[in-house]
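Undergrad: I'll drop the sequence and a predicted model, then ask my questions.
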Amino acid sequence: MTENITKRHTLIAWMEDKPGVLNRVAGLFGRRNFNIESLAVGHSETPGISRMTFVARGTDRDMRQVRTQLDKLINVTRIEDVTYNDPVMRELALIKVQATSEERAEVMQLVDIFRAQIVDVTLDSLIIQIVGKENQVNSLIELLSNFGIIEMVRTGRVAMVRGAASQTGVVDTAVPVNGNGHH
Amino acid sequence: MSEMKTGGQIIWESLIAEGVEVVFGLPGGAILPAYDDLAKYEYPIHHVLVTHEQGAAHMADGYARSTGRVGVCIATSGPGATNLVTGLATAYMDSTPIVAITGQVPTSLLGRDGFQEADIQGVTLPVTKHNYLITNIRDLPDALKEAFYIARTGRPGPVLVDVCKDALQASMPFTYPSKVNLPGYNPNLNTPDGTAVARAARLVNEAQRPVIVAGQGVSIARAEAELRQLAEKANIPVATSLLGIGAFPATHPLSISWGGMHGEAYCNYALQECDVLLAVGARLDDRLTGAFDTFAPKAKIIHVDIDPAEMGKNITIDTAVIGDALLALRALLPQVEANEHPAWLEQIAEWKSETSYRDILQQESDELVAPYVMRSLWHATGEGNGRATVVTDVGQHQMWEAQYYHHNRRRSLLTSGGLGTMGYALPAAIGAQMGNPDQEIWVVAGDGGFQMTMMELSTVVQERLPIKIAIINNGYLGMVRQWQDVFYNKRHSGTPLFNPDFVKIAEAYGIRGRSVTRREEAYDAIKEAQAHDGPYLLDFQVEEFTNVYPMVAPGKSNADMIRRPAPAMGSGK
Ligand SMILES: Cc1ncc(C[n+]2csc(CCOP(=O)(O)OP(=O)(O)O)c2C)c(N)n1
Ligand SMILES: [Mg+2]
């Protein structure tokens, strides 16, 4: 049974781009004691709808709680656990490394192997940008740590399901309501 | 052609469009423009001035629970708004539809820690179903429309609308919106999934020892008749949660009372032994279930609820039926077969007689114990044609009320179950009486909790409400003292109370009252209060050390109840 196995899940949530929405989501994570490892949010293809990818640790049942509780937030329009859909998953990292001119060649070799990029160079440092799966990013970071990492930033995982079918966060739900009627 | 209206006017006219007749509140600087518009335009809305904003929120709550309509409370910024919080949290835990309107500092002062600024949207985020901060009058009409819609649909709950003072003063052309556009809101109004219903029906039909657990969702959906039909058709015993009391007649032969920490012992036995448990509109919280993984261990569990997030939240379930209790029961009814379950009902009857054998009221004594007061209250106001609504506070008296007052009518008990808010009873009763002027309303409160909001006696008098009040005066924060007795070696740390003379307190407000110290007086005193045309306070000075049984220790299984010693086994303490 996969039900009881604790592992990392990748979820995508679409939400109305309104003030305080992130606050609501983050507050819910905290209050419900959900175990969130990373979170990346930005615009989606639809104006007014933001898209958040987040990684949560837990069982399938835990994830059902995460999904259904998040879905109750009025500004969250849709939420999907894509863990079992084999999505494309990427992360971007900027890594500032200490490197003397002698070490630079070695660093550049690593950068090549990982198909990363050098986006800034000074006399004794480099900023390396890598886009890849988390384990690739992790390996590069590990190797670079031998040179001395001065500073680092990672975006957290973003994900998209393969194929032409589009996943959007838009649902049309305009409902006419009379005053004080029941439902 | 819409006319120009101020933000204040828009609030009142939106409320009128929503059918609101009464609001509970207390003014201050930031909300003043709205109060001024109420008087200036003489809107047909009755404003009940409270003594403390917590009372306003509980009044809106009592109004909403007793009428099924949205309750409205109103307060100023800062302390006015923060005083609402306990009431909002109470309503949130018990799914009560409330709209709270608060004034906020002008937008130019937002975020500058000006006088009476509090981020009430931030503060109430975890205790509201949704909330709004309105910085521009343009957004006010939609927010109000949405607030009422969100509060009352799906799983109901409180919604707060915080309005900056300048938005109250600004003007715009106004017509009340006829639509809400909430792409992210799904109140689950459709008939539940047919496959799930069929699965549920099959489980019920195959059951040898079925039990229904009815929660407040049944009453919110007004599904009491359908619940009863289902239970009678298949002869299934019905337990309720604390908030479900009244959803099924307590004196019905199939009623097995209510379960959990202080529920009836025989009910807990039935829950532990059943093979199919059909929970309808109950969220299966820890006070009902005991330790989650020990609850109903032999049962296949069917959970019917409008809130998908309740499915499997606490208890592992077998079948989830997501939807309104009324629609779900209607879908289930034709598929559930007639049945008898004689052996099972017999077994439960045996447990029941063992339970009543241990009943404190079976024991020889002439002391005025609180259970006796509750039973007398039932005889005087609830039995037969009695139609009283009881609003309780939180503590031992609350549990005894629920055990000894048999509620046969929907919504005849209002109580704070989820948050367990002391101070709830009096203001909630005021709200209930405002919404049901002809109803006989009783407050049952402890000497501790009553003092938390007793200043609302002034609101009782101001509104000329004939509310009857029974204080169960045991000189202690009784329920906490009981825990100290059981778990903390009887060290009564911080639980003995210094009490005022409650009858004199009542008199100070111009309310009649009397104290009751003997059993023989109890029934007559209640009758006297009932007959009095106006509010009346009874101070029942009860035996101090009586404890509530059964008791399930927190984190323990309902199978491990601490029982009141049986009389034949000697006097126990
Ligand atoms: C606002 C609040 N504070 C504290 C508690 C914890 N508490 C639960 S029951 C109780 C005792 C209530 O005492 P009283 O009102 O005298 O009722 P009794 O139990 O004696 O019937 C307390 C303090 C609570 N439920 N609510
Ligand atoms: Mg007390």
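TA: Arrived safely, thanks for sending. Computed from a prediction, not measured in an experiment: that's the story for all the values here. Numbering: from 1, shown residues only, chains lettered A, B, ... in the order given. Ligands and ions are numbered 1, 2, ... in the order given.
Undergrad: all strands for chain A, in order.
TA: For chain A, the strands defined by DSSP state E cover A:7-16, A:36-43, A:49-58, A:76-81, A:88-98, A:117-121, A:125-132, A:149-154, A:158-160, A:175-176.
Undergrad: Return the residues in contact with the single nearest residue of the stretch 201-350 of chain B relative to chain A.
TA: Closest to chain A within the stretch 201-350 of chain B is B:Ala309: 3.7 Å, counting by Cβ to the nearest Cβ. C-beta here means a position set from N, CA and C on the backbone, and glycine is covered the same way. B:Ala309 sits next to A:65, A:68-69, A:71-72 when contact means Cβ atoms under 8 Å, 6 or more residues apart in numbering or on different chains.
Undergrad: Try it again at 10 Å.
TA: Taking Cβ atoms under 10 Å, 6 or more residues apart in numbering or on different chains as the criterion, B:Ala309 is in contact with A:32, A:64-72, B:155, B:283.
Undergrad: ok, now B:Pro550?
TA: B:260-268, B:355, B:358, B:403, B:558, B:560-564.
Undergrad: Quick check on those residues: which are buried?
TA: Neighbour counting over those (16 or more other Cβ atoms under 10 Å in any protein chain shown) leaves B:260-268, B:355, B:358, B:403, B:558, B:561, B:564 as the buried ones.
Undergrad: so which of the residues you listed comes closest to ligand 1?
TA: B:His262 (11.2 Å; Cβ to the nearest ligand atom).
Undergrad: Report how many residues lie close to the residue in chain A positioned nearest to ligand 1.
TA: Closest to ligand 1 within chain A is A:Arg31: 20.1 Å, counting by Cβ to the nearest ligand atom. By other Cβ atoms under 10 Å in any protein chain shown, the residues close to A:Arg31 number 12.
Undergrad: Not including adjacent chain positions, what is the nearest residue to it?
TA: Once flanking residues are discounted, A:Arg31 sits nearest to B:Pro126: 5.1 Å by Cβ to Cβ, 6 or more residues apart in numbering or on different chains.
Undergrad: burial measure for the one you found, as a count.
TA: Look at B:Pro126: counted by other Cβ under 10 Å, it has 14 neighbours.
Undergrad: Would you confirm that it contacts A:Phe29?
TA: No. Using Cβ atoms under 10 Å, B:Pro126 is not in contact with A:Phe29, being 11.5 Å away.
Undergrad: Quick check: phi and psi on B:Pro126?
TA: Main-chain torsions, B:Pro126, degrees, to the nearest 10: phi -80, psi 0.
Undergrad: ok now do it, which residues does it touch?
TA: B:Pro126 makes contact with A:24, A:27-28, A:30-32, B:89, B:92, according to Cβ under 10 Å, 6+ apart.
Undergrad: now those: which count as buried?
TA: A:24, A:28, B:89, B:92.
Undergrad: Let me see the contact set for B:Val211.
TA: Contacts of B:Val211 (Cβ under 10 Å, 6+ apart): B:236-239, B:256, B:259, B:267, B:270-279, B:296, B:299, B:344, B:348.
Undergrad: hang on, it is in a strand, isn't it?
TA: Yes. Residue state for B:Val211 (DSSP: H, G, I helix; E, B strand; the rest coil) corresponds to a strand.
Undergrad: burial of the nearest residue to it once chain neighbours are set aside, as a residue count?
TA: In this structure, B:Val211 finds its nearest non-sequential neighbour in B:Cys274, 4.1 Å apart by Cβ to Cβ, 6+ apart. Around B:Cys274 there are 27 other residues, counting by other Cβ under 10 Å.
Undergrad: Was I right to think B:Cys274 contacts B:Ile301?
TA: Yes. If you go by Cβ under 10 Å, B:Cys274 and B:Ile301 touch, sitting 9.5 Å apart.
Undergrad: list residues touching both of those two?
TA: Residues touching both B:Cys274 and B:Ile301 (Cβ under 10 Å, 6+ apart) are B:Val213.
Undergrad: For A:Gly58, list each beta-bridge partner.
TA: Taking DSSP bridges as the rule, A:Gly58 bridges to A:Lys7.
Undergrad: Tally up the residues packed near it, please.
TA: 18.
Undergrad: Repeat that for B:Glu520.
TA: 10.
Undergrad: Let me see the contact set for it.
TA: Taking Cβ under 10 Å, 6+ apart as the test, what B:Glu520 contacts is B:366, B:368.
Undergrad: Confirm that it sits in a helix.
TA: Yes. According to three-state DSSP, B:Glu520 belongs to a helix.
Undergrad: ok, A:Val82 touching A:Arg67?
TA: No. Contact criterion Cβ under 10 Å: A:Val82 and A:Arg67 do not qualify, at 11.2 Å.
Undergrad: Now for the two: what residues contact both?
TA: Applying Cβ under 10 Å, 6+ apart, one finds that A:Val82 and A:Arg67 are jointly contacted by A:9, A:11.
Undergrad: Let me see the ranges of the helices in the stretch 451-573 of chain B.
TA: Counting by DSSP state H, counting those that start in this stretch, the stretch 451-573 of chain B has helices at residues B:457-462, B:478-487, B:502-508, B:519-531.
Undergrad: Can you tell me which of the ones you listed is nearest to ligand 1?
TA: Once those are compared by Cβ to the nearest ligand atom, helix B:478-487 is nearest, at 2.4 Å.
Undergrad: Quick one: list the elements packing against the closest one.
TA: When contacts are defined as 3 or more Cβ pairs under 10 Å, 6 or more residues apart in numbering or on different chains; DSSP states H and E, helix B:478-487 packs onto helix B:396-404, helix B:447-453.
Undergrad: residue of the stretch 201-350 of chain B with the smallest distance to ligand 2?
TA: Relative to ligand 2, the nearest point of the stretch 201-350 of chain B is B:His262 (15.3 Å; Cβ to the ion).
Undergrad: Which of the three states applies to that residue?
TA: Criterion first, three-state DSSP; result for B:His262: coil.
Undergrad: Backbone dihedrals for the residue of chain B found nearest chain A, both of them.
TA: Minimum separation of chain B from chain A (Cβ to the nearest Cβ) falls at B:Gly19, amounting to 3.3 Å. In terms of degrees, to the nearest 10, the main-chain angles of B:Gly19 are phi 80, psi 20.
Undergrad: Quickly note the distance from it to B:Pro44.
TA: To B:Pro44, B:Gly19 is 11 Å away according to Cβ to Cβ, to the nearest Å.
Undergrad: try B:Ala143
TA: Counting by Cβ to Cβ, the gap from B:Ala143 to B:Pro44 is 23 Å.
Undergrad: When these two are compared, which one has more neighbours?
TA: More crowded of B:Ala143 and B:Pro44, by other Cβ under 10 Å: B:Ala143, with 21 against 8.
Undergrad: just checking, that one touches B:Gln121?
TA: No. B:Ala143 is not in contact with B:Gln121 according to Cβ under 10 Å; the separation is 11.6 Å.
Undergrad: which residues are in contact with both of these two?
TA: Common neighbours of B:Ala143 and B:Gln121, counting by Cβ under 10 Å, 6+ apart, are B:131-134, B:161-162.
Undergrad: Spatially, which two of the residues you listed are the most separated?
TA: For these, the farthest-apart pair by Cβ to Cβ is B:Asn131 and B:Ile134; their separation is 10.5 Å.
Undergrad: ok, these two, which is more surrounded?
TA: Between B:Asn131 and B:Ile134, B:Asn131 has the larger neighbour count (other Cβ under 10 Å), namely 26 against 23.
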